[in-house]
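**Q** Fold the following, please.
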Amino acid sequence: MRRVVVTGASGLLGGYVARTIAAEAEVVGLDQRAPRQPADWHHVMASILDESSLASAFAGVDAVLHIAAAANIASGTPRQIMDINVMGSWTVMEAARHAGVRRVVLCSSDSVLGNTVWKEHFRCPEALPVNEAHPLRPTDPYALSKHLAEEAGRGFARQGLEVIALRPVFILFPSMMGEVRARLADPDGYRGPCAGGHAPAGGGPCWHHVDPRDVAEAFRLALHADWREFEAFYLAAPSTLHPLPTLERVAQVFGRIPEAVDRDIYDSNPFAPMFDTRAAERRLGWRARHDLRAAVLDGS
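**A** The predicted structure is shown next:
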């Protein structure tokens, strides 16, 4: 049986991923905190910046799913976010390389595109939907930290480590449903978190989302994909959560829409995301199976 380390296994997404992977592999959870609930895997209490603990945890491991991170722009000071997300990712990959681990799957973010938190820095995409070839233009510390972690991954891939970066949009955990409904009820006045969530509702200008079950499945599939040095994939649900169709919302935010638009996509689904997930489908066999737009809009 393959042995897999999941960093950040005690976190929200880490728990989903560890439970999904545990169905087919021996899982070692690594986190500074104890699991939120009794876990079906061995747990190591350690920091991703602790080189000796990582060396011990990675011995005999086939793959590392690296999820531990400062999860958003509000997770700490800019310096703390950069330390955890950049140096933490580098330390994990360096330890994996030394331990002979074959593959590392990074939890990156759609924020690497740049249109995330600092609205004054938003720039209209060059094409819609945005695919993995689109230029990355991160501005805030969180987005920049994820971009730099990906660049570190590219460097380790040149040394033979198999590295895949997954770029989920705003992960809509069940505990965050109150926040997205509060934002929908008062888009201009919303100041979250105010409805029981651990953070404000996110998803960028179009209010993108993806279900954590779908993200966990992407991590599972990434364990089996044929390797092509470094690769990155956007992950998003089939629809956005904003009341306006995507092209109307893009025009509202940026004052225009790009000249290069795949009209067929938005004609067939006016609320299709700004992000192109077809590469994840081609290379990983991944498709989002959960679309929470109806549940959010009708309040069910």
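
**Q** drop to CA atoms for contacts and neighbour counts, all remaining ones
**A** Fine.

**Q** what does the longest helix anywhere in the chain contact?
**A** Counting by DSSP state H, the longest helix found in the chain is helix 141-158. The contact list for helix 141-158 (Cα atoms under 8 Å, 6 or more residues apart in numbering) reads 70, 72-73, 78, 81-82, 85-86, 89-90, 93-94, 97, 106, 108-109, 111-114, 116, 136, 138, 162-165, 229-230.

**Q** In strands only, show me those residues.
**A** Among these, the ones falling in strands (DSSP state E) are Leu106, Glu162, Val163, Ile164, Ala165, Phe230.

**Q** Pull the contacting residues for the fourth one.
**A** I take that to be Ile164. Ile164 neighbours (Cα under 8 Å, 6+ apart): Arg103, Val104, Val105, Leu106, Gly153, Ala222, Phe230, Glu231, Ala232.

**Q** what sits opposite the third one in the beta ladder?
**A** Just to be clear, that refers to Val105. Val105 has the following beta-bridge partners by DSSP bridges: Leu65, Ile164.

**Q** is it true that it touches Phe219?
**A** Yes - counting by Cα atoms under 8 Å, Val105 touches Phe219, with 7.2 Å between them.

**Q** so what sits against both of those two?
**A** What both Val105 and Phe219 touch, as defined by Cα under 8 Å, 6+ apart, is the set Leu65, Leu166.

**Q** returning to what we had before: could you identify the most distant pair in the contacts of Ile164?
**A** Gly153 and Ala222 (14.8 Å; Cα to Cα).

**Q** who has more neighbours, these two?
**A** Legend: neighbour count by other Cα atoms under 10 Å for Gly153 and Ala222, higher for Gly153 (27 against 24).

**Q** mind checking how far that one is from His147?
**A** Distance of Gly153 to His147, computed by Cα to Cα, to the nearest Å: 10 Å.

**Q** how about the worst-scoring helix or strand of the chain on mean pLDDT: buried residues?
**A** Lowest by mean pLDDT, DSSP states H and E among the helices and strands of the chain is helix 293-298, with a mean of 91. For helix 293-298, a neighbour-count test (16 or more other Cα atoms under 10 Å) marks Arg293, Val296 as buried.

**Q** Right, I'll call it a day here.
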